[in-house]
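Structure of the sequence below:
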Amino acid sequence: MTLGTLMIDLHLPDCRSLKQKRSILKRLTARLRRDFNISVAEVGKQDLLQSARLAVAAVSNDRSFTNAVLSKVVDTVEREAACYLQNYELEML
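Prediction:
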């Protein structure tokens with residue numbers, strides 16, 4: 001069994017309220033869960049308007065499959081119009 005974790009730091013330049021930030025992140029996390037069958041949660045920077053930190057976890061029997069899924073998650077987040085990917089950390093256990 002392989003567990004892959006991904007920490008993503010986002011910048012949301014157009015957010016003017018926590019409600020707007022929540023809306024953007026809710027839409028993004030729901031799409032990631034639906035498209036990739038992964039676990040996603042906001043784990044940091046909850047009180048900052050224009051920053052967010054997401055944690056993503058994927059489990060599989062095949063290490064290369066887990067790595068491919070998490071790489072596709074990064075690609076999807078990079079294409080998101082409402083936010084910019086600042087940094088990410090990928091770890092396989």
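
So which elements touch the longest helix seen in the chain?
The longest helix of the chain (DSSP state H) is helix 18-36. Judged by 3 or more Cβ pairs under 8 Å, 6 or more residues apart in numbering; DSSP states H and E, helix 18-36 is in contact with strand 39-44, strand 51-60, helix 63-78. Quick note: C-beta positions are derived from backbone N, CA and C, even for glycine.

contacting residues around that helix?
Under the contact criterion Cβ atoms under 8 Å, 6 or more residues apart in numbering, helix 18-36 has outside partners 12, 14-15, 38-42, 47, 49-50, 52, 54, 56, 58, 69, 72-73, 76-77, 80, 82-83.

Same check on stretch 57-74?
Counting by Cβ under 8 Å, 6+ apart, 1-6, 8, 32, 36, 38-39, 56, 85, 88, 90, 92 sit against stretch 57-74.

Restricted to buried residues, select the residues you listed in PyMOL.
Per 16 or more other Cβ atoms under 10 Å, the buried members of these correspond to this PyMOL selection:
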select buried, resi 4+5+6+8+32+36+38+56+85+88+90
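
Name the nearest residue to the residue most central in space within the chain, sequence neighbours excluded.
For the chain, residue 54 is the residue whose C-alpha lies nearest the centre (Cα atoms, centre = their mean; 4.7 Å). Distances taken as Cβ to Cβ, 6 or more residues apart in numbering put residue 8 closest to residue 54, at 4.5 Å, once the chain neighbours are dropped.
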